[in-house]
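In: Just need the structure, nothing else, for what follows:
(4 chains, ligands or ions: 4)
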Number of protein chains: 2
Amino acid sequence: MAFKTDSAKKYLKEHDIKPSTIRIKVLQYLKDNKHHPTVDDIYKELIEDIPTLSKTSIYNTLELFLGKNIVNLVSIDDKESRYDIDTSAHGHFKCKSCNKIYDFNINTSNLGEEDIKGFIINKRKIYYEGICKDCLKSS
Amino acid sequence: MAFKTDSAKKYLKEHDIKPSTIRIKVLQYLKDNKHHPTVDDIYKELIEDIPTLSKTSIYNTLELFLGKNIVNLVSIDDKESRYDIDTSAHGHFKCKSCNKIYDFNINTSNLGEEDIKGFIINKRKIYYEGICKDCLKSS
DNA sequence: AATATAAATTGTAACCATTACAAAATTGGA
DNA sequence: TCCAATTTTGTAATGGTTACAATTTATATT
Ligand SMILES: [Mn+2]
Ligand SMILES: [Mn+2]
Ligand SMILES: [Zn+2]
Ligand SMILES: [Zn+2]
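Out: Ligands and ions are numbered 1, 2, ... in the order given. A predicted model of the protein is given here:
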């Protein structure tokens, strides 16, 4: 637990979120596990600490976080949603072999957005898929 | 029906797909309706022609088309999958107001993919969301 | 402290797109 | 025509997500 409870409380308050027990724990989990976890990943970990935890609470919390823009939804997986506490602009690469999701930096400024000039762009989602270096090496 | 039956047959054969009745109809629909339809969109239209049509057949056909790389999956909508017969490299913009999905050209060559150098990239999916020009005008 | 009110959390059922799978229908060749 | 392979259908199951009312917890008031 690298991300301390006090930091979590402060962070939530700064983003206009009342720091409840579950919100603090979810935020800590996201800050400590930046590997784009699913709802189930988070639930399975937190149920250890909070035996009464409901999966609905994880959904509620993430929905709240999304609304406050402190997490981003990563829909690179067709089955279940993933969540990313890193809201800086970056792309995601999913390896079809090991299923790992890699972050990579992007430079959208010269991507070329002439066709949608005059549109308001709120979110840019960049999803790549293929085979990662590690998997290529071991084959 | 701009895309003729004979052209559809030829196209399917060229891509190693046996041209069955349903496959031909689905391909024609996709060629004539490039607005990224859902399974239900396709089903609702084709059921008019083929009263015995099963929705499973649409799923089967699209799964086959995906495997043969003649359609792309567009996952910009969180609820249901969309399909695109245009497999050329382009991005998708979804307007949160009118829900229309726009195509736009991209230039991934200067997007910056240094972080995943050495990876095999099979697919690039670029999803934007925001408000389109038309919706901005009428508000 | 006790009470009242609001907010957070839980539990359960429903939703619904997608998948699994076996039965039925169709196709094409011998 | 007969047979086997392929295609298509119908139905049930799956599973992530959502709706929502009940319960619990936090906060404010007296
Ligand atoms: Mn990320
Ligand atoms: Mn498109
Ligand atoms: Zn890999
Ligand atoms: Zn619009």
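In: which outside residues touch the longest strand belonging to chain A?
Out: In chain A, taking DSSP state E as the definition, the longest strand is strand A:120-131. Defining contact as CB atoms under 8 Å, 6 or more residues apart in numbering or on different chains, one finds that strand A:120-131 is touched by A:72, A:74-76, A:89-97, A:104, A:106, A:108, A:113, B:93, B:96, B:111, B:116, B:119-131, B:136. For the C-beta atoms, the positions are set from N, CA and C on the backbone; glycine is no exception.
In: Ok, stretch A:62-80 next?
Out: Taking CB under 8 Å, 6+ apart as the rule, stretch A:62-80 contacts A:11, A:15-17, A:23, A:26-27, A:30, A:36, A:38-40, A:42, A:81-87, A:92, A:94, A:101, A:123, A:125, A:127, A:129, B:73, B:75, B:78, B:81.
In: out of the residues you listed, which are buried?
Out: Buried subset of these (neighbour count, 16 or more other CB atoms under 10 Å in any protein chain shown): A:11, A:17, A:23, A:26-27, A:30, A:36, A:38-39, A:42, A:81-85, A:92, A:94, A:101, A:125, A:127, A:129, B:75, B:81.
In: Which of those fall in helices?
Out: With helices taken from DSSP state H, the overlap with these comprises A:11, A:23, A:26-27, A:30, A:39, A:42.
In: Looking at these, which one is closest to ligand 2?
Out: residue A:39 (29.5 Å; CB to the ion).
In: Give me the distance between the closest one and DNA strand D.
Out: Distance of residue A:39 to DNA strand D, computed by CB to the nearest atom of the strand, to the nearest Å: 4 Å.
In: what sits against the residue positioned nearest the centre of chain A?
Out: Centroid check for chain A by CA atoms, centre = their mean gives residue A:84 as the closest residue, at 1.2 Å. Residue A:84 makes contact with A:34, A:36, A:71-74, according to CB under 8 Å, 6+ apart.
In: Find the nearest non-adjacent residue to residue A:41, please.
Out: Of all residues beyond its chain neighbours, the one nearest residue A:41 is residue A:33 (7.6 Å), with distances taken as CB to CB, 6 or more residues apart in numbering or on different chains.
In: If you tally nearby residues, what's the number for that neighbour?
Out: By the criterion of other CB atoms under 10 Å in any protein chain shown, residue A:33 has 14 neighbours.
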